[in-house]
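> my questions are about this predicted structure, shown below with the sequence.
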Protein chains: 2
Amino acid sequence: MPASITYTYEYPRPALTVDCVVFGFEVGVGVGVGVGAAFKVLLIRRKLPPYEGQWALPGGFVQMEESVEAAAVRELQEETGVKDVFLEQLYTFGAVGRDPRDRTVSVAYYALINLQSHPVQAATDASDARWFKLFELPKIGAKIETVLGFDHAEILDCALARLQAKIRYEPIGFELLPKAFTLSQLQRLYEQILNRPLDKRNFRKKLLKMDLLIDTGQQETGVAHRAAQLYQFDLEKYRALKQRGFSFEL
Amino acid sequence: MPASITYTYEYPRPALTVDCVVFGFEVGVGVGVGVGAAFKVLLIRRKLPPYEGQWALPGGFVQMEESVEAAAVRELQEETGVKDVFLEQLYTFGAVGRDPRDRTVSVAYYALINLQSHPVQAATDASDARWFKLFELPKIGAKIETVLGFDHAEILDCALARLQAKIRYEPIGFELLPKAFTLSQLQRLYEQILNRPLDKRNFRKKLLKMDLLIDTGQQETGVAHRAAQLYQFDLEKYRALKQRGFSFEL
DNA sequence: TCATCTTAGTGTAATATTGACACTAAGATA
DNA sequence: TATCTTAGTGTCAATATTACACTAAGATGA
């Protein structure tokens, strides 16, 4: 970077950044193990002050020749290797003291990825990224919220609330699963995110009645019990129905 | 303003603004007139380029010593005289070319006010503000969208979509009515915003069953027909119920 | 190979919610 | 006092929700 070039304005300007809350879901794998499904968030370890060494949401400065959303996409890829995933704007955090060093306003996004198809670079030159389980019993290890720098705990809470609300009236849960999934995996996903148990028969009845799941004819493999049917979400059909006023409701 | 002071940064920074979509609702007044309810948006006429003379959303630059939300509150008051109203962040618009003169990112807010208690300064020194009816037949006068500068038509559409969605699962419609209102006024409000007719008996049944409307004992006055009962929304009770998982659904 | 273990997959009945529908009551006006 | 306008009310059928328990399939290991 050219050290001597600077940029001058008539009025002061806050710095503008993006931050990404990346949610991942791991369907239960491994033979015969218990529930084994985990809902996680991706954090990176900061290499620079402030909060050097602490965990934080991936993010960075918005550049002049890219849209804010493009900045989120770019930072996500640069810092975690994740790309081509569901990404949606969450909220803009603009309190005066949120960055201790400079006035910084951050546009937060959240991403949904399935851990099967998008393995994350564990630790590259630029960054050290790691998955943290959400909703774990607080006694085992520190609560995520307590180790995050800036107002990133608040951003994470905001993203969680949004996801919990939105998953009930938009079919975004499928973004967290592999293309083909079982109904039990889908149910476990909802149970994890909504943090409450659902009735198996009612859940299946409701989902199948919408007629938005395509039976692939394939079956689950590698499990030590009866193999379940694999389904795909019919995005085309959903879009068509949505146009005509249909609303996906859990 | 001191003309010679400038602000210099190591990296370029987009300008940061706020814009406010102010919705207002006017319950039918006047003796014996027809429906007479109107759903409106407040715009100001621009005094400066770009888009000088055109109508635009009230808004302006975020200052260094105020939060983004505070900037929205301040601009709203300065440009329209409106204060102490419901105001919520909508979305952040960050496309590269959205301001023809400078790279500008705008955090949009939407406000809900009732026209009875918050008459707007029609035209002051600083600004020329006017209400525009929404959902009017497009043949009469130009559609609002076609006269707005910047990407303000997009912001308005976004705000409308948000309001239409949110009014169905949060009791924000009451922000658009006087403190005491009749059930018919409330129904007309919903019909206007959702843009479809609702069944009178079913509407009343549903709302009254929630038990969130306080019968004031007062009655409507100044109408040329049977006077309706006046109700107030019980915000306290709603908050308490919401805590315990209750959800307001139209 | 058979007993065991684990999860898949299925139906019913009671209850609650939704949606369609039309008349009388009250009050102002001419 | 006739007329006009809007307020206010109940029922029934259809649909949606909820609670609930067993058999089926397939892998594993004694």
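Perfect, I can see it now.

> show me what counts as buried in the helix or strand bottoming out on mean pLDDT in chain A.
Lowest on mean pLDDT, DSSP states H and E among the helices and strands of chain A sits strand A:129-133, with a mean of 90. Residues of strand A:129-133 classed as buried: A:A129, A:R130, A:W131, A:F132 (neighbour count, 16 or more other Cβ atoms under 10 Å in any protein chain shown). To be clear about C-beta, it is placed using only N, CA and C from the backbone, and glycine gets the same treatment.

> with those in mind, which one is nearest to A:P12?
Nearest to A:P12 among these: A:A129, at 33.6 Å, using Cβ to Cβ.

> pretty sure that closest one contacts A:E79?
Yes. The criterion here is Cβ atoms under 8 Å, and A:A129 meets it with A:E79 at 6.8 Å.

> per-domain residue ranges of chain A.
With domains defined by automatic domain parsing, chain A comprises A:15-166, A:175-243.

> any common contacting residues for A:A129 and A:E79?
By Cβ atoms under 8 Å, 6 or more residues apart in numbering or on different chains, A:A129 and A:E79 have these common neighbours: A:I44, A:P58.

> what angle do the longest helix seen in chain A and strand A:129-133 make?
Secondary structure assigned by DSSP state H gives helix A:152-166 as the longest helix of chain A. Computed by axes from the mean of the first three to the mean of the last three Cα atoms, to 10 degrees, the angle separating helix A:152-166 from strand A:129-133 equals 60 degrees.

> right, is helix A:152-166 up against chain B?
No. Helix A:152-166 lies out of reach of chain B by Cβ under 8 Å from any Cβ of the partner chain, never closer than 8.9 Å.

> does anything pack onto the least confident helix or strand of chain A? Which helices or strands?
strand A:38-45 (3 or more Cβ pairs under 8 Å, 6 or more residues apart in numbering or on different chains; DSSP states H and E).

> using CSV, list the CA coordinates for the strand it packs on.
The C-alpha trace of strand A:38-45 is given here as CSV (Å, rounded to 0.1, in the frame of the first residue of the first chain):
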residue,chain,number,x,y,z
ALA,A,38,-24.2,-29.0,16.0
PHE,A,39,-25.1,-25.4,15.3
LYS,A,40,-21.9,-23.3,15.0
VAL,A,41,-20.6,-19.8,14.3
LEU,A,42,-17.4,-19.0,12.5
LEU,A,43,-14.9,-16.6,14.2
ILE,A,44,-11.4,-15.5,13.3
ARG,A,45,-8.6,-14.6,15.7
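
> show the subsequent helix or strand relative to that strand.
Helices and strands here follow DSSP states H and E; after strand A:38-45, the next one along the chain is strand A:55-56.

> any idea how far that following strand is from the chain center?
Here the centre of strand A:55-56 is set off from its chain's centre by 15 Å, with Cα atoms, centre = their mean, to the nearest Å.

> and A:T146, what pLDDT?
A:T146 carries a pLDDT score of 77 in this model.

> contacting residues around it?
A:A153.

> gap between it and A:F23?
19 Å (Cβ to Cβ, to the nearest Å).

> repeat that for A:E10.
41 Å.

> which one of those two has more residues nearby?
A:F23 (22 against 12; other Cβ atoms under 10 Å in any protein chain shown).

> what strand or helix carries the nearest residue to that one once chain neighbours are set aside?
Counting by Cβ to Cβ, 6 or more residues apart in numbering or on different chains, A:F23 lies nearest to A:L112, which is 5.4 Å off, once chain neighbours are set aside. According to DSSP H and E, A:L112 maps onto strand A:104-114.

> compute the inter-axis angle for that strand and strand B:104-114.
Strand A:104-114 and strand B:104-114 are oriented at 90 degrees to each other (the same axes, to 10 degrees).
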